[in-house]
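1. Predicted model, plus sequence, below.
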Amino acid sequence: MYEAAKEMMNESEQFILQAKAIQQRSQKTIRIGSSFLNPGKVLIRFWNSLVSSETEYRFKIIPYTDDHEQILSVIQSLGSKLDFMVGAFNSQQMLNISNFYELGRYKLCIAVSRNHKLALKSRLALNDLHGERLIIVKSGDTLHLDTFREKLKMTHPQILFEDAHYFYDLETFNTAEVTGSLLLTLDAWAEIHPSLVTLPVDWDYTVPYGLLFSKTPSEEVLSFLEVLQNYENKK
């Protein structure tokens, strides 16, 4: 009986190993680009909030560096090195070379140095911005922010606008901290810079965030998006 039991246990272990191997072969790997400003965990958390059980998909995180000079090259690698990037990619230049699937909205906020007089406030009124320099994305590439900027200029001309590059990177946040300027930012970036405080403002402006993927997506990417959409519709 002892020998028979040992044989059964060995067979059982072999069966489990074979089953795991079959499962791994049937799983589909989704490659997610991840950076400091746009971490891949945002998609994984979103997915896990929809899917309660194991699925055929597994995720592989591919790091990239936030750099306004390199970001378009990273986006062009979608489909070859990456399947998805997740974040608030609202630039027309970006959307010209990729597709976008919206997951939700981020709120526009203001980041200030911890040494700034406004840092003590829990929420900002628009007149708190009067006489302050506000770093904001340069106009001409992001429709959502261009509209927001023009309306703010018309209604609050006392705000001094300072152009950033079309794409934020870590140096944008460093500049705001060093110069004492205010920085238009997102609630999702509240923890990006330890010397900046991110505050809500008395406005209702948001921007979409979601997934960038190739203009010529693979069958695997399309099937993942279809599954994602089905789960969202059931939610």
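-> Great, that's in hand. Numbering: from 1, shown residues only.

2. show me where pLDDT drops low in the protein?
-> 1-26, 52-54, 235 (pLDDT under 70).

3. Look up phi and psi at Glu232.
-> Dihedral pair for Glu232: phi -60, psi -40, per degrees, to the nearest 10.

4. From Phe224, how far out is the residue nearest to it when sequence neighbours are not counted?
-> If the residues on either side of it in the chain are set aside, Glu232 comes closest to Leu50, at 6.5 Å by C-beta to C-beta, 6 or more residues apart in numbering. Where C-beta positions appear, they are placed from N, C-alpha and C, glycine not excepted. Remark: distance between Leu50 and Phe224 (C-beta to C-beta, to the nearest Å) = 12 Å.

5. ok, those two, which is more surrounded?
-> Taking neighbours as other C-beta atoms under 10 Å, Leu50 and Phe224 compare with Phe224 leading, 22 against 13.

6. now that one, nearest residue through space, not along the chain?
-> Ile30 (5.8 Å).

7. Gly79: how many residues sit nearby?
-> Gly79 - counted by other C-beta under 10 Å - has 16 other residues nearby.

8. got a list of what it touches?
-> Residues in contact with Gly79, defined by C-beta atoms under 8 Å, 6 or more residues apart in numbering, are Phe213, Ser214, Lys215, Thr216, Pro217, Ser218, Val221.

9. ok, back up a step: partners of the helix or strand that contains the residue nearest to Phe224 in the sheet?
-> Taking DSSP states H and E as the criterion, Ile30 maps to strand 28-34. Strand 28-34 pairs in its sheet with strand 57-63 (parallel), strand 84-87 (parallel), by DSSP bridges.

10. circling back to that earlier point, now intersect the contacts of Gly79 with the strands, please.
-> Phe213 (DSSP state E).

11. Among the contacts of Gly79, which lie within helices?
-> Of the contacts of Gly79, the ones assigned to helices by DSSP state H are Val221.

12. Mind putting the contacts of Gly79 into JSON lines with neighbour count and distance to Pro39?
-> As requested, these are arranged in JSON lines below (neighbours: other C-beta atoms under 10 Å; distance: C-beta to C-beta, whole Å):
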{"residue": "Phe213", "neighbour count": "23", "distance to Pro39": "17"}
{"residue": "Ser214", "neighbour count": "19", "distance to Pro39": "20"}
{"residue": "Lys215", "neighbour count": "11", "distance to Pro39": "24"}
{"residue": "Thr216", "neighbour count": "9", "distance to Pro39": "26"}
{"residue": "Pro217", "neighbour count": "18", "distance to Pro39": "22"}
{"residue": "Ser218", "neighbour count": "13", "distance to Pro39": "23"}
{"residue": "Val221", "neighbour count": "22", "distance to Pro39": "20"}
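
13. Can you say which helix or strand has the nearest residue to Gln92 once chain neighbours are set aside in it?
-> Closest residue to Gln92 apart from its sequence neighbours, by C-beta to C-beta, 6+ apart: Asp141 at 5.3 Å. Assessed by DSSP H and E, Asp141 sits outside every helix and strand.
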